[in-house]
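Visitor: Give me a 3D structure for the following:
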Amino acid sequence: MVNFSMYIYGTPDADIDWLEAWESFGSSTTAETVVVVLDTGVQYTHPDLTKRMWKNPDEVADGKDNDGNGIVDDVYGMNAIPTVPTGNPADDNGHGTHVAGIAAAQTHNSVGVAGVAWNAKIMALKFLDRYGNGSEFDAVECITYALTMKQRHSIPRMVMNASWGAYVNLNLPPFYIPPTPEAVAALYEAIQRAGNNGVLFVAAAGNDGVNIDTEQYKMIPAGFDLDNIISVGGSSEDDDLRTIFWASNYGPQSVDLFAPGNEIYSTVPTNKYAFKSGTSMAAPHVSGAAALVWGKFQNDNHLAIKDRILNTVDPGGMRNKITTERCVTGGRLNLNRALQ
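Guide: Model (predicted):
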């Protein structure tokens, strides 16, 4: 018999107190929140995700534009990459499916993994291609779609997850060319518009171990100064900001808190599961937590939910490596405290 305990490592309690939260409150205490995954798409047929997918109530997969919004068969969301957007946000990369599973994979189904939020529905919006590249203008199109659906179908609670970003001032061709000022402005306006419509926006801080408060490494959308954004850094199983393979970006003014991001096991396409690391994995922990907290405190607005998340962190983590020199709160996400 293999002794699996020999492979267990990390600092005890360097987590978000997920199980404690579930045991304390139970699924009956929360209402449904829509988590919008702005990413490479989602495998909406995955056995751990298919029952968690948001569905457009006015659309049927019949080759027609039933709701008259210009997108055919947008049952689960949309794909903004083609010149004429389609209703098929299938994931051809794996990143978006992994993010979706962290936030809201199905619970109590004896399959795979469980997402942070048992009460969430996943809206799949694809603007990143199979290589993980995409246009800010396509991201804006996705945000606009989500806001239209929110208004049209009276969705009361919506959290958008952005496990991606771009450095504004770095220019290292041919390897990296920054977004244009027009693209930056368009994305800023779209996220601001989301905030004006009561939407919480969760953004990953990046994986290069740099301070995104500085002009050299200013990052969008995590570094935008908007009230509805929660900017998330990634912590390891030892509550460290660095691992052998990657290091979380930080910023005492731009990054709000940290959440687990190293070797996270979640859903991937073709009905499988895999480990992935980075702030891309940390952000959906916060999105799922926000969905769960909002489902409990249903009368709160999006800014009150943000306050609950930020005011209940574990200060310093378990090894006092997460400080106010690294993020606004100086702490790591604690779901159990946020639900109280």
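Visitor: Could you report the neighbour count for Phe245?
Guide: Using other Cβ atoms under 10 Å, Phe245 has 10 other residues around it. Where C-beta positions appear, they are placed from N, C-alpha and C, glycine not excepted.
Visitor: and it, what pLDDT?
Guide: Phe245 is assigned 92 on the pLDDT scale.
Visitor: residue contacts, it?
Guide: Counting by Cβ atoms under 8 Å, 6 or more residues apart in numbering, Phe245 touches Ser277.
Visitor: so which helix or strand takes in it?
Guide: Per DSSP states H and E, Phe245 falls between elements, in no helix or strand.
Visitor: contacting residues for Gly101?
Guide: His46, Asp48, Leu49, Gly112, Val113, Gly115, Ser266, Thr267, Val268, Tyr273.
Visitor: Okay, and which of those map to strands?
Guide: Ser266, Thr267, Val268, Tyr273 (DSSP state E).
Visitor: Please name the bridge partners of the second one.
Guide: Using DSSP bridges, the beta-bridge partners of Thr267 come out as Tyr273.
Visitor: Could you report the separation of it from Leu170?
Guide: To Leu170, Thr267 is 32 Å away according to Cβ to Cβ, to the nearest Å.
Visitor: Looking at the two, which one has more neighbours?
Guide: Neighbours of Thr267 and Leu170, each counted by other Cβ under 10 Å, are more numerous for Thr267; the result is 29 against 16.
Visitor: That one is in contact with Ala100, isn't it?
Guide: Yes: counting by Cβ atoms under 8 Å, Thr267 does reach Ala100; the two are 6.7 Å apart.
Visitor: Now do Thr148: how many residues are near it, please.
Guide: 11.
Visitor: Just say helix, strand or coil for it.
Guide: Three-state call for Thr148 (DSSP: H, G, I helix; E, B strand; the rest coil): helix.
Visitor: Against Leu339, how distant is it?
Guide: Separation of Thr148 from Leu339 (Cβ to Cβ): 31 Å.
Visitor: now swap in Gln253 and tell me
Guide: Distance, Gln253 to Leu339, using Cβ to Cβ: 27 Å.
Visitor: what about the two, which has more around it?
Guide: The neighbour count for Gln253 versus Leu339, taken as other Cβ under 10 Å, is higher for Leu339 (22 against 13).
Visitor: can you map out the strands along the stretch 1-150 of the chain?
Guide: Residue ranges of the strands in the stretch 1-150 of the chain, as given by DSSP state E, counting those that start in this stretch, are 33-39, 77-79, 120-126.
Visitor: ok now the last one, how far from the chain's centre?
Guide: In other words, strand 120-126. 10 Å (Cα atoms, centre = their mean, to the nearest Å).
Visitor: what angle do that strand and strand 33-39 make?
Guide: Put simply, strand 120-126 runs at 20 degrees to strand 33-39, going by axes from the mean of the first three to the mean of the last three Cα atoms, to 10 degrees.
Visitor: Quickly name whichever of the ones in strands among the contacts of Gly101 is closest to Ala61.
Guide: Within these, distances to Ala61 taken as Cβ to Cβ reach their minimum at Thr267, with 21.7 Å.
Visitor: Quick check: pLDDT value at Ser28.
Guide: pLDDT recorded at Ser28 is 56.
Visitor: same deal with Asp240?
Guide: Asp240 is given a pLDDT of 88.
Visitor: what's the least confident helix or strand in this structure, going by average pLDDT?
Guide: Lowest by mean pLDDT, DSSP states H and E among the helices and strands of the chain is helix 18-25, with a mean of 84.
Visitor: Point out the other helices and strands that that helix packs with.
Guide: Applying 3 or more Cβ pairs under 8 Å, 6 or more residues apart in numbering; DSSP states H and E, we find helix 18-25 packed against helix 335-339.
Visitor: Who are the packing partners of the helix it packs on?
Guide: Against helix 335-339 (3+ Cβ pairs under 8 Å, 6+ apart) you get helix 18-25, helix 279-296.
Visitor: Great, nothing more from me.
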